[in-house]
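[1] below are the sequence and a predicted model for it; my questions follow.
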Amino acid sequence: MSQNCALDADSFSTLLTLYMRRIRASAAGVASEIGLSREAVNNWRNGLSLPNPKSRDRLLACAVYLRLTEAETNRLFSAAGFEREFPLQGEPAAGSPFAAFIEQVFEQFARLTPFPICMLLSQAHWGQPPFRLELLARAKTLYGADAVLHIQPPYSVSTASSDYFAAIGRQCGFDGVTSDYEFEAALERRLLSGERLFCLVSRFEQGTAQLRETLAGILRSLSEMHSCNLHLLLCGGEGLADLKYRSGDLSLLNIAHVSHWPELALADLASLAARRWPERRFAAAMLEHLLESCGGHPALAEEGLQWLVEYPEADAAARQTLHTHLRSSARLWQAFQPLTQDPAARERLHARLLADDLGRARPYLADAELRRLFWSNLIAVRGQGDSARLYWRCEVVREAGLQVVQS
Amino acid sequence: MNLLAGIIKHPLARRLLIGALTLGLGSAILTPQFNPFTRYASQGIVASSIVWNEVIEFKRAYLEATYANDGWPQDLAEFTPPPGDRHISVVSPQANRLLINIQDSDDMGDLAGTQIILDYRPGSTEFDCSPGEPPIPTRYLPSSCQVTEDGGWAEPEIIADLRWLSILCAVVVLICMVLLLLRHPLLSPVQARPGNLLRVPVAQLPKLDRLLRLMGRRKSTLLAAGVSEADWQRALAYAQAEREERVAPLALRLGAQCQLSSGWALPGHVYEWRFTADLPVSLDRCLVYLPPRDVRDDLLVQHLRGVQTGLDVMLVLAAEDSLALADYCTDAANFYVAVDEASQSEWLLGKRPVEVLLRLLAAQLKVTRISPYQTRGGVVRSGSFFGRAQLLARVLNREPANYLVVGGRQLGKSSLLKAVQRRLLEHPHIACHYISLRDHRLAPRLALQFGLPAETSLEQVIDHIVAHQAGKRLFLLIDEADLFFRDEAQNGYRQLSTLRALSEEGRCWFMLAGFWDLYATAVLDYQSPLRNFGEVLTIGGLEADACRELATVPLHHLRLGFASNALVDEVVQASGQRANLVAIICQECLDALQPGERAIERRHLQMALASAAVQDALAGWGRLSHDPDACRLDRIVVYHTACHGQTSLLELVALFEAQQLPVDMDALNRALSRLVLAFVLRRENSLYRFAIPLFALQFEPAELQLFLRQELQAGMPASRAVDGGSRG
């Protein structure tokens, strides 16, 4: 009985019901947000069906709408029979991967005075922000636990301003906030006391444009009036980049310094492997081969590590098998699938899959399809400055894409 | 003289000379009998006592004879003391007179062969003595024998000699003292170059003060060093103060706020300084560590290694200069900066203490940690604001009026407003406030800023501010006003009418800054009530000279610079004189500098121009309006300009006609105006080119035609490209 209960607690329907109830979301609301029928959502809730493997993007939209953390998203995805969306997220530990980059992110604030505002952009499967616990832990060390705020704007387009800022106020530990001005006043009170605050805003692009603009305005205004004392780290992906480069109205983003989450390096991969499977030793050569095969794609890297746990052999045949295993990743298939719906788009994608060089990398890609490929983490930037170019992340990705196009 | 100088220069000869002089002088004083120069006089002194003993013996004998004979005896021989080892012979050439002849031998020194005359005074027991022939040196005569011509006692020669000797000694001592003072390791460098006074270690200042007083040169030295008496006294007080009392005077010199910081796992005290916006580098605050006096150097470094300073720079004021600490702090990987004692003196005595701090920071930290450039947002540091003199003069040298500041994003609107605010800060008749709007709501923003409820009306807010300004005229600088104008345009300019009424009543004037919504309303819309609201100030590129200053002056603060003026001109040219781009390029040049490099060279500049930061600064032009159609038209114009290097209204019309798309000349003109205002394009007669040469480099020629085609095919008839903000 207890086992059944445990199984039930982790079932997709139970989790979905729990997460929906938490934010008082209705089936109709979820359905309209993710583009499915209300019946389909109700079937999920009642345990009558599970999400279709082709609907990974819709499940992701659902997780975003339900304001799930990376861990909760992973749990929901696993319950739905999907691979985890943020596979490399874990508990903070000593000697964490990307520790040097995280250190660098914080060092940047020191030189960004008088407006220490930083945007941290990351591609798909990295989480927003990646390694949030590590970032927060480091922030608490540097600023003091009380001076670290974590804001995750509510997603729903239907949220009223009062609810939106009440939710954000609660995240910051401000009780009784019922309006944007009250939130601003509460935050300002802390700044006026001479405190230096670090504020991590994840998934900034969530919520309605109007509420987002109000929040951006508050943060910009406080940053202006209390320059140097409010350190802002805005984390996000494609949506946040769109807001910065395509919508000039948010001067908060205009004056923000942009950082991109770095590519996965061998040391980071080894560190991740050691953290996930502490009792196991991975052959360095095999990790190197895995990194080359997955091209630094976090989800492929995680799948590869799992495969290495099961098949620790390091011979040529094993490498080929690993390559084949990664190429058949459901994540790749799910990422390419939406790009092949339109025949013309499918043709352009095919042409791109045959090309070695996908063009020049820029802070913001003008071509919408390239932009989609980039933020889906299928292509990567190689090179620095004006010599930076776009390439397929790895041969595995390209081969998977060709398979999808030709299927 | 030259020979002596030559000998002095040669170490061995110098030692020999010093040895010989020491031997000569030492033997003359301690063993004069062995010194060839003093031996004769020394023997004379020894012999004089023998001679005078014998003289007294003879005098006594002859006095007894005189008493016995009731007068001077005829024959002295029978009264002569028995002969022995005599050194004198006595004869009486006449009554009452004795001639004392001193034996002429080597052991008598300079008494040898001389004569003394003794004259008996009848009826008394006294003899008068005087030098004979040859005369005995007067210094050997007793005082009773030295009678002056007027009958008084003559001063013995030895006394006069001693006096002269004393005077000589005093003079010699005095000269030696002066020489010692002049050659004093503290005083000598200061006397040679008074400017060195500023770099004397702070602990030595009281001693130096005593020495200067002793020399009577304190005032003149301070004057020559450019140190005021008050500063000198403060520095002396600092040097003698308890260690805990030392932090505040240093902070005061920088105008920094100082407060004790607690919770540190460090022995001693840690303070926090908050700097004013005048500090020309990106350092808003720092920590100051005052270790205990008795902590060992190696332990101090160990403590510092173990402590977590976060993002803050920590100045370490050690009790004494320590090599271990200096070595550790020189490692640019940490955020520690050792403040040595000489720098503390300069900090307290110099006219520019900020430069001392900057020099220490630049020497011990990564240059990028204390960047002197502000690359984003309105410039808040007065030292980082350059140019715009004409615009500022137009605002500041007139009676208060309303102004509308228009210009593209990141072009310097906020910087101009903040510069106006800084200059009016202490104005006796104008109270100036800067407000950054975060949305369209002006009144609640103002109300909250001045501590009023959000629902207070605009008039009431202004009344409240005026009432608290004690007769000063109110000048409000309102930044980020685009959303306000957009909302006003949609709602019949209700609040704008209030602003106009307030300024017509002379209660308050406004300076509003914005981009396209403001420009379109104020300049392009002939029906807009904003047209006569105030003077329009358009913000464009910075003056070329100001750009050069912006590039070079901040570097000078850190004792860095460009390798040549041509490179500076290249920066100015590549940036199109856009102020924040100049700052970004220079910042990237700084990033490219390797440790130890002090000059920015061409390779650094090339790296900077190709950097991601510069690319990023050029991005974001794709949406200059909130109207998607207008944005698409902007992109078509930009891609067309990039394809051909330039464009014109006629060429654009031809482009649309070639695609069989209808053309809205008004929308096209607006797009060109918008791109010029945003500093994307620059108009030259009827042609438009990129305002920033670097801008063209962000496009890949192969992609341009594709992008242009995509935008044209996106179903965007030019006739639909209407800017909503401007139409209300």
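    Nice, thanks for sending it over.

[2] give me every residue that touches B:His269.
    B:244, B:247, B:260, B:289-290 (CB atoms under 8 Å, 6 or more residues apart in numbering or on different chains). The way it works is simple: take the backbone N, C-alpha and C, and place the C-beta from them, glycine included.

[3] mind listing the residues bridging to it?
    B:His269 has these beta-bridge partners by DSSP bridges: B:Leu290.

[4] what's in contact with the helix or strand hosting B:Gly26?
    In this structure, B:Gly26 is located in helix B:11-30 according to DSSP states H and E. With contact meaning CB under 8 Å, 6+ apart, helix B:11-30 is reached by B:6-8, B:34-35, B:37-38.

[5] between those, which is nearest B:Gly306?
    Relative to B:Gly306, the closest of those is B:Ile8; by CB to CB it sits at 54.1 Å.

[6] next up, the contacts around that closest one.
    Taking CB under 8 Å, 6+ apart, one finds B:14, B:17 in contact with B:Ile8.

[7] and if you look at A:Glu292?
    A:Cys394.

[8] in three-state terms, label it for me.
    Put simply, A:Glu292 is helix when judged by DSSP: H, G, I helix; E, B strand; the rest coil.

[9] can you read off the pLDDT for residue 92?
    The chain I'm using is chain A. A:Pro92 carries a pLDDT value of 47.

[10] that's the wrong chain, I wanted chain B
    For B:Ser92, pLDDT reads 85.

[11] just the buried positions in the host helix or strand of it, please.
    Using DSSP H and E, B:Ser92 falls within strand B:88-94. Neighbour-count burial for strand B:88-94, counted by 16 or more other CB atoms under 10 Å in any protein chain shown, picks out B:88, B:90, B:92.

[12] what is the burial count for B:Met215?
    B:Met215 has 16 neighbours, counted by other CB atoms under 10 Å in any protein chain shown.

[13] what's the helix or strand for the residue nearest to it when sequence neighbours are not counted?
    Spatial nearest neighbour of B:Met215, excluding adjacent residues (CB to CB, 6 or more residues apart in numbering or on different chains): B:Leu181 at 5.8 Å. Using DSSP H and E, B:Leu181 sits in helix B:157-182.

[14] now the contacts of B:His269 in a markdown table, with pLDDT, distance to B:Phe533 and neighbour count?
    Shown next, in a markdown table, are these (pLDDT from 0 to 100; distance: CB to CB, whole Å; neighbours: other CB atoms under 10 Å in any protein chain shown):
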| residue | pLDDT | distance to B:Phe533 | neighbour count |
| --- | --- | --- | --- |
| B:Glu244 | 81 | 57 | 12 |
| B:Val247 | 90 | 51 | 21 |
| B:Leu260 | 90 | 51 | 10 |
| B:Tyr289 | 93 | 54 | 27 |
| B:Leu290 | 91 | 56 | 20 |
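
[15] tell me the centre residue of chain A?
    With distances taken as CA atoms, centre = their mean, A:Gly127 lies nearest the centre of chain A, 2.5 Å away.

[16] so where does that residue fall, helix or strand?
    Counting by DSSP H and E, A:Gly127 is part of no helix or strand.

[17] contacting residues for the spatially closest residue to A:Ala79 that is not a sequence neighbour?
    Computed as CB to CB, 6+ apart, the closest residue to A:Ala79 that is not its neighbour in sequence is A:Phe12, at 4.0 Å. Contacts for A:Phe12 (CB under 8 Å, 6+ apart) come out as A:44, A:47, A:50-51, A:76, A:79-81.

[18] model confidence at A:Phe12, what's the number?
    87.

[19] wondering if the helix or strand encompassing B:His604 reaches chain A at all.
    B:His604 belongs to helix B:602-609 when assigned by DSSP H and E. Yes - residues of helix B:602-609 contacting chain A under CB under 8 Å from any CB of the partner chain: B:607, B:609.

[20] what's that helix packed up against?
    helix B:565-575, helix B:579-592 (3 or more CB pairs under 8 Å, 6 or more residues apart in numbering or on different chains; DSSP states H and E).

[21] list the buried ones in that helix?
    Applying 16+ other CB under 10 Å to helix B:602-609 flags B:604-605, B:607-609 as buried.

[22] quick check: mean pLDDT across it?
    93.
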